[in-house]
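Peer 1: after the sequence you'll find the predicted model.
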Amino acid sequence: MTDIIVKIMVEVLGILALATKEIKQGLAKKYLKKLAGRTDIEDALGRLDKLTHDEALMATAQVLKISHNIESKVTRVDDQVMAVDSKVKLIIEDGKEAKTTANEARIVMQQTANAVDQVKSSYFPSSCSGSQMRQDLRRWLSPPDPSTNHNIARGTHHSGTASWFFEGSTFNEWKSSGSLLWVHGKPGSGKSILCSTIVQDIEVMCEAGLANMAYFYFDFRDTTKQSRHNLLLSLLIQLSARSDPRCDILFSIYSTHDSGARQPSDDILFHCLKGMVSLPNEDPVYIVVDALDECPNTSGMPTPREQVLDLIKDLIGLSLPNLHICVTSRPEIDIRSALEPLTSLCVSLHDQSGQKKDIIDYVSSVVRSDTKMRRWREEDKILVVETLSERADGM
């Protein structure tokens, strides 16, 4: 592919060199008269015609493999063709006797410029300027949809839940500095509900154009939400959905994989994610991951959970001030060992009085809204609320 482009440029530059030589010598009229009859120019134009028609058509079949540095070379050739065209216009004004030959030269140069334009437009189509390419990228990667888990968690959210968390210094410090926030708690302590509320809070920033976010819910009931690979796929699609520069990065991976005919490896996906979160002059990136403990840790070397923990370590190791990562999980030993050394921003839901109040408020809401419990005596309702809240222990 590169050879074909280079050949086209060589032939065009060869013609330009011959024209420039004659013009610099002040032999414009003589040159124009000789142009149609010069065998070296005719041979060059013939070779160029063959390249820009036969081989260029064949080359466009592999359009998406051309790198962007070739585009700049073709653009420079296009500029040079336009410059010569301008010189030809000046030559036309030099005498009527050369007009016919000059027009022929202009036609040749215009055809060359058109050929270059055709190659440019074929080889470098717009990547992420519209929704169609984003749809193609989504179909190619086919990531699991975390919004299903998010909507379930939001459906069980009780008004006022986690207000203590969002008013605290830990959450605000995490939002303002590139860092890791680890929220842990026992099963049933409200981690997923809290996670969904964090997502909602960041979503407000995204809607205002102040941030870019991707989130993911691991789920022991859904095998598509239990691996690093699918986590990466989901994050990449989400981050590219609202950012053209980040979409262009993913598009380049799509291009080098035969326009989606092949699937990328985890290493390539990570480098793609690294490129997205490292872009300068872009909005801050927030990555929220819920229920890491529901990623399996029973088989494999490394296990799926170890792979995810390594991914988090690698991202934090980039030390990017605009990258904010939040992880929720049970306080299992392997997760604690991996995450505690990475951050001082840790929140234990089991130790939070605000979280205990959230549990009491939730139990009270259920007891008082249930049609059967409404008929109970008030003292019985209070007893149930106190008993369940005290013995819940996160469940």
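Peer 2: In hand now; what should we look at?
Peer 1: every contact and neighbour count from this point should use C-alpha atoms.
Peer 2: Will do.
Peer 1: so what are the domain limits for this structure?
Peer 2: 2-123, 131-351, 359-392 (automatic domain parsing).
Peer 1: those domains: lowest mean pLDDT?
Peer 2: Of all the domains of the chain, domain 2-123 carries the lowest average pLDDT, namely a mean of 52.
Peer 1: count the neighbours of Glu282 for me.
Peer 2: 16 (other CA atoms under 10 Å).
Peer 1: just the strands in the chain please.
Peer 2: Remark: strands assigned in the chain by DSSP state E are 180-184, 212-217, 285-290, 323-329, 345-348.
Peer 1: with only the CA atoms kept, save the longest one in CSV.
Peer 2: As requested, the backbone C-alpha atoms of strand 323-329 are provided in CSV (Å, rounded to 0.1, in the frame of the first residue of the first chain):
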residue,chain,number,x,y,z
LEU,A,323,-8.0,10.0,35.8
HIS,A,324,-10.4,9.1,38.7
ILE,A,325,-11.1,5.4,39.5
CYS,A,326,-13.7,4.2,42.0
VAL,A,327,-14.0,0.5,42.9
THR,A,328,-16.6,-1.1,45.2
SER,A,329,-16.3,-4.6,46.6
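Peer 1: show me what that strand is packed up against.
Peer 2: strand 180-184, helix 191-207, strand 285-290 (3 or more CA pairs under 8 Å, 6 or more residues apart in numbering; DSSP states H and E).
Peer 1: mind listing what that strand pairs with, with the direction of each?
Peer 2: strand 180-184 (parallel), strand 285-290 (parallel) (DSSP bridges).
Peer 1: what residues sit buried inside the longest one?
Peer 2: Of the residues in strand 285-290, those with enough neighbours to count as buried (16 or more other CA atoms under 10 Å) are 285-290.
Peer 1: swap in stretch 248-261?
Peer 2: 248-256, 259-260.
Peer 1: nearest to Ser179 among those?
Peer 2: Of all the buried residues of stretch 248-261, Ile249 has the smallest distance to Ser179: 23.7 Å, by CA to CA.
Peer 1: wait, doesn't the closest one sit right on Cys272?
Peer 2: Yes: the pair Ile249 / Cys272 is scored as a contact, 6.6 Å apart, by CA atoms under 8 Å.
Peer 1: Trp301: how many residues sit nearby?
Peer 2: In this structure residue 301 is Met, not Trp. 9.
Peer 1: cool, Met205 as well?
Peer 2: 14.
Peer 1: check Ser265 too.
Peer 2: 9.
Peer 1: same check, this time on Ser196
Peer 2: 24.
Peer 1: now do the contacts for it.
Peer 2: Shown in contact with Ser196 (CA atoms under 8 Å, 6 or more residues apart in numbering): 150, 153-154.
Peer 1: 10 Å instead?
Peer 2: Residues near Ser196 by CA atoms under 10 Å, 6 or more residues apart in numbering: 147, 149-155, 157, 215, 217, 288-290.
Peer 1: how close does it sit to Ala291?
Peer 2: Between Ser196 and Ala291 the computed distance is 11 Å (CA to CA, to the nearest Å).
Peer 1: same check on Gln135?
Peer 2: For Gln135, the distance to Ala291 - CA to CA - is 28 Å.
Peer 1: before we move on, what about Ile202?
Peer 2: Ile202 is 18 Å from Ala291, by CA to CA.
Peer 1: just to revisit the earlier point, if you count surrounding residues, which of Gln135 and Ala291 has more?
Peer 2: Ala291 (21 against 12).
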